[in-house]
Structures are given as C-alpha cells and as structure tokens.
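Novice: sharing a model prediction with you, sequence too.
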Amino acid sequence: MDVRTLLLCWPEKNSDFAVQAIKKYTGTCFIYIGEPEGGETANEDFFKIINTKWRLRGQLSISADPASSDVEHDSVFVYGRRSSSGQDQNATDRSEPKKF
C-alpha cells in the first residue's frame, strides 16, 4: 500500500506555494501547520480548495513560544481528501474532527 502525507508548515500568505502544492498533490491525507482561515499563513485560494476538496479530521492547537501572542492561533490541522461525491476517501470515521 502506498501511503503518503503532504506536510505544509506556515506557508506565506502572500505566496502561491501552498495552492500549487495542494493542487499537485495526489495523496489522500495532508497536514497543515499554521493559522486558520483569515490568519497570517496561507492565502484565501488555499482555504477555498481545502474547504471544498478536503475534510478536517483532527486539530491540535500549538504555540512555538508560549509567551508570544503572535502564535496563539497556530494549530496542526489533519485533512482527508473528499471524493468527487463529497465523501471522505479512505475514512471510516465520519465523526466530528478530533481536538487533540
């Protein structure tokens, strides 16, 4: 079985890198580390793609520096790809995303 996971860490908001990476990625799972939609990482086009083609499977809030307020919204987000019918691929658990 071929298992791959794409990891995107704090992609720049003013860059198209995250959009290009997620468009070219063919796997069924990816991990995004950064701020949620509307934050300072990744751009609007990236979030449009993941909101329609991916399903949030889990989330872990993190802080690189607990004394800094700049990172209070950072999280590790785990996504599973949706099929063309909108269902999760390779997922048997349809429950709400897990908070770790």
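Specialist: Structure's in. What do you need? Since this is a predicted model, take the numbers as computed values, not measurements.

Novice: C-alpha only now, for contacts and for neighbours.
Specialist: Noted.

Novice: residue closest to the middle of the protein?
Specialist: Central residue of the chain (C-alpha atoms, centre = their mean): Tyr32, 3.7 Å from the mean position.

Novice: sec struct for it, please.
Specialist: strand (DSSP: H, G, I helix; E, B strand; the rest coil).

Novice: from memory Val76 sits against Leu60, does it?
Specialist: Yes: counting by C-alpha atoms under 8 Å, Val76 does reach Leu60; the two are 5.1 Å apart.

Novice: tell me where the chain has strands.
Specialist: Under the criterion DSSP state E, strands of the chain are mapped to 6-9, 29-34, 54-61, 75-81, 98-99.

Novice: could you export the ones you listed as a markdown table, including mean pLDDT?
Specialist: Converted to a markdown table, the strands of the chain look like this (pLDDT from 0 to 100):
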| stretch | mean pLDDT |
| --- | --- |
| strand 6-9 | 96 |
| strand 29-34 | 96 |
| strand 54-61 | 95 |
| strand 75-81 | 96 |
| strand 98-99 | 57 |
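
Novice: can I get these in a markdown table including distance to Ala42?
Specialist: As requested, the strands of the chain are exported to a markdown table (distance: least, C-alpha to C-alpha, whole Å):
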| stretch | distance to Ala42 |
| --- | --- |
| strand 6-9 | 9 |
| strand 29-34 | 8 |
| strand 54-61 | 15 |
| strand 75-81 | 13 |
| strand 98-99 | 21 |
